[in-house]
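Asks: kindly generate the corresponding structure for this input.
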Amino acid sequence: MKRGICLVSSLIALALAPNALAADEQGDAGDVPATAQDLTQAQLTTINGQVADGNDADLFRICLSGGQTFSATTVGLSDVDTQLFLFDAAGFGIYAHDDGTTKQSTLPAGHPLTPQTSGEYILGISAYDRDPHSVDGEIFSDVAFVTPANGRGAAAPVVSWDGIPRDSGTYTIALTGTCTDDETTAPLIYLRSPGNGDSVALGPEVIVDYSCSDEGGSGLVSCEGNVADGAALDTSTLGPKTVTVSARDGAGNEATASVTVEVVDLGAPVVNLRTPVDGASYAMGEDVLADYDCSDEPNGSGVLSCVGDVADGAALDTSTPGPRSFTVTATDVAGNSASTTVAYEVVEEPDDFRGFRRPVEDFPTINRWIAGEAVPVRFSLGGYKGMDVLAPGYPQVAEVECGAGEEPTSGRPARSVWWQKGLRYKHRSYIFMWRTDRDWTRGCRQFLIQLKDGSVHRAEFKFVRSWWDLWPREND
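Replies: Numbers count the residues shown, from 1 in each chain. A predicted model of the protein is given here:
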């Protein structure tokens, strides 16, 4: 490392050959960007200098005309076993060369690593095995051939040199592709957010983040974007969105950087299902029309399809009782989809008691029946309502005075025949095969049913001993 050399500008003044195309090292050129000897004011063809000892390294600021025309070589021009390095104006490594099979080095023109952009750069030279380092370590891992900045320290500028001292002596570097730098270095733009080529969701906030710096020395005059730094990018509509930042320095050099993102529809459409209602019950045969629509978010790609189990406005199937489900699926143009499913039930509507059916007639008619014979008691509720239509303990039998108009609401439990136990349902009627007793020939009996809604319905019977007695007599 150089010790306090080149800190005063007079010590690093340019010494030009007669044709103003050659320059000599003044004193000992610095070995970090801050102390590099400035040779940017001439269009150079050669630089003459000295590697004072094995620890020495020299840096020169030069102006390159760009277009990959730059080259630097010490082949045939130096007794020192040299290494050449090119850095950008801030000291970040670009490419390097040791010598391969010779003791001299060449940074070639027209190489993929040769700078395409004109401006200010730093040329470095050292003896073999004296290599540049950043705070993170070695910048070039192997410079035996033309090598990019590929070491672990490549992401930071040069701050020191390290290696075994091996050689010293004078050198001449032949150059092509140089220029006179009347401050031609464009400002640098750091556009950190959004990332170029990113896809961002419609609506959420995306903050634009950028800054600029001037490396040429004339100072930054402006750093402006079509979206202000720290402001939100407009993501309210779909499609490409471009952020462009322009920077200008005091010498009039300008730079522009742009990134483009695509605002895409990532949100699923919304299903608005109004009918059928989740958990609802509809009567069997009821006219129930499906009612639904679908929508996409504001400024979204739009609804492509909105399909239900039946079309909006069409009738649901209520022809048979039982549980049902209904699903509507919405898809938008971007391919996002959503489904809504509801469950409902079709039930047989509770109906009024529709009377006893033949051969039994409703109260107050007195039915005549042979005592001890089973009575097929049939009644209708307007359809099948399940098998738990009766209140607990019913049907019942009450003993009454014949034709007195009595209306008891309870009695003793009615018995069914052994070969058909309990209540049955057949041919749209409920049937109870009532078992009667032979000794019921005195007075009358009422067959009582109480429904679960609390209503009581009755049929009155007079029991006789024989078929002959089924026809009423004058004194009955």
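Asks: tell me which stretches of the stretch 101-250 of the chain form strands.
Replies: Residue ranges of the strands in the stretch 101-250 of the chain, as given by DSSP state E, counting those that start in this stretch, are 106-107, 119-127, 131-134, 137-138, 147-148, 160-162, 169-176, 178-179, 188-193, 199-201, 209-213, 220-225, 239-249.
Asks: so which of these gets nearest G308?
Replies: Taking CB to CB, strand 199-201 is the member of the strands of the stretch 101-250 of the chain nearest to G308, at 27.9 Å. Placement of C-beta: from N, CA and C, glycine included.
Asks: list the pairing partners of the closest one within its sheet, with orientation.
Replies: strand 254-264 (parallel) (DSSP bridges).
Asks: and the strand it pairs with, what's buried?
Replies: For strand 254-264, burial by neighbour count (16 or more other CB atoms under 10 Å) applies to A255, A257, V259, V261, V263, V264.
Asks: for that strand, what is the distance to the chain centroid?
Replies: 22 Å (CA atoms, centre = their mean, to the nearest Å).
Asks: hmm, back to that, can you put the buried residues of strand 254-264 in TSV and add distance to V135?
Replies: TSV is the format used below for the buried residues of strand 254-264 (distance: CB to CB, whole Å):
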residue	distance to V135
A255	27
A257	26
V259	29
V261	33
V263	40
V264	41
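Asks: turn those into JSON lines, including distance to V270 and pLDDT.
Replies: Shown next, in JSON lines, are the buried residues of strand 254-264 (distance: CB to CB, whole Å; pLDDT from 0 to 100):
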{"residue": "A255", "distance to V270": "46", "pLDDT": "92"}
{"residue": "A257", "distance to V270": "39", "pLDDT": "94"}
{"residue": "V259", "distance to V270": "32", "pLDDT": "94"}
{"residue": "V261", "distance to V270": "26", "pLDDT": "94"}
{"residue": "V263", "distance to V270": "20", "pLDDT": "93"}
{"residue": "V264", "distance to V270": "18", "pLDDT": "93"}
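Asks: ok, which pair from these is furthest apart?
Replies: Pairwise distances across the buried residues of strand 254-264 peak at 30.0 Å for A255 and V264 (criterion: CB to CB).
Asks: bridged to I173, which residues?
Replies: The partner residues for I173, given DSSP bridges, come to I47.
Asks: adjust the sequence numbering to begin at 898 for everything that follows.
Replies: Renumbered: residue one is now 898, and that last one reads I1070.
Asks: ok, it - contacts?
Replies: T943, I944, N945, G946, A969, T970, T971, L974, L981, L1020, I1022 (CB atoms under 8 Å, 6 or more residues apart in numbering).
Asks: for those, which ChimeraX command selects only the ones that are buried?
Replies: Selection of the buried residues among the contacts of I1070 in ChimeraX, burial being defined by 16+ other CB under 10 Å:
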select :944,945,946,969,970,971,974,981,1020,1022
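Asks: show me what contacts the nearest residue to I1086 once chain neighbours are set aside?
Replies: What sits nearest to I1086 in space, not counting adjacent residues and going by CB to CB, 6 or more residues apart in numbering, is A1154, at 4.1 Å. With contacts defined as CB under 8 Å, 6+ apart, A1154 is in contact with I1086, L1088, Y1107, T1141, V1142.
Asks: quick one on the thing from earlier: and of the contacts of I1070, the nearest to G1199?
Replies: When those are compared for distance to G1199 (CB to CB), L1020 wins out at 59.5 Å.
Asks: my guess is that closest one contacts I959. True?
Replies: Yes - using CB atoms under 8 Å, L1020 is in contact with I959, at 5.4 Å.
Asks: so where's the stretch 998-1147 of the chain uncertain?
Replies: Judged by pLDDT under 70, the stretch 998-1147 of the chain has its weakly predicted residues at 998, 1040, 1078-1081, 1113-1115, 1147.
Asks: at 90 what do you get?
Replies: Scanning the stretch 998-1147 of the chain for pLDDT under 90 picks out the ranges 998-1001, 1014-1017, 1025-1026, 1038-1042, 1060-1065, 1074-1084, 1100-1101, 1111-1119, 1145-1147.
Asks: got the domain ranges for the chain?
Replies: Here the domain parsing of the chain from automatic domain parsing is 906-1076, 1085-1161, 1167-1244, 1253-1367.
Asks: most packed of those?
Replies: Comparing the domains of the chain by mean neighbour count (mean count of other CB atoms under 10 Å), domain 906-1076 ranks first with a mean of 19.
Asks: how distant is it from the center of its chain?
Replies: 50 Å.
Asks: which stretches of the stretch 1248-1373 of the chain form helices?
Replies: Using DSSP state H, counting those that start in this stretch, no helices are found in the stretch 1248-1373 of the chain.
Asks: for it, what spans make up the strands?
Replies: Assigned by DSSP E, counting those that start in this stretch, the stretch 1248-1373 of the chain shows strands spanning 1253-1254, 1263-1267, 1272-1276, 1293-1297, 1309-1310, 1320-1323, 1326-1331, 1341-1347, 1353-1361.
Asks: just checking, V1243 touches Y1179?
Replies: Yes - the pair formed by V1243 and Y1179 meets the contact definition of CB under 8 Å, at 5.5 Å.
Asks: list the residues that contact both of those two?
Replies: Counting by CB under 8 Å, 6+ apart, the contacts common to V1243 and Y1179 are T1215.
Asks: and the residue nearest to Y1179 when sequence neighbours are not counted, what does it touch?
Replies: Take Y1179 and drop its neighbours on the chain: the residue closest to it by CB to CB, 6+ apart is V1185, 5.1 Å away. Residues near V1185 by CB under 8 Å, 6+ apart: T1172, P1173, Y1179, A1212, L1213, T1215.
Asks: same question for A1052.
Replies: Shown in contact with A1052 (CB under 8 Å, 6+ apart): S1031, D1033.
Asks: quick check: it vs F984, distance?
Replies: To F984, A1052 is 13 Å away according to CB to CB, to the nearest Å.
Asks: cool, and D1039?
Replies: 17 Å.
Asks: before we move on, what about A969?
Replies: Separation of A969 from F984 (CB to CB): 12 Å.
Asks: can you list residues touching both of the two?
Replies: Both A969 and F984 are contacted by L1020, under the criterion CB under 8 Å, 6+ apart.
Asks: is it true that A1053 touches F989?
Replies: Yes - using CB under 8 Å, A1053 is in contact with F989, at 7.5 Å.
Asks: OK, contacts around I1019?
Replies: Counting by CB under 8 Å, 6+ apart, I1019 makes contact with P930, A933, L956, F957, R958, I959, L983, F984, D985, A986, G988.
Asks: show me these that map onto strands.
Replies: L956, F957, R958, I959, L983, F984, D985 (DSSP state E).
Asks: which pair of those residues spans the longest distance?
Replies: Maximum pairwise distance in the ones in strands among the contacts of I1019, criterion CB to CB, is 13.7 Å, between F957 and D985.
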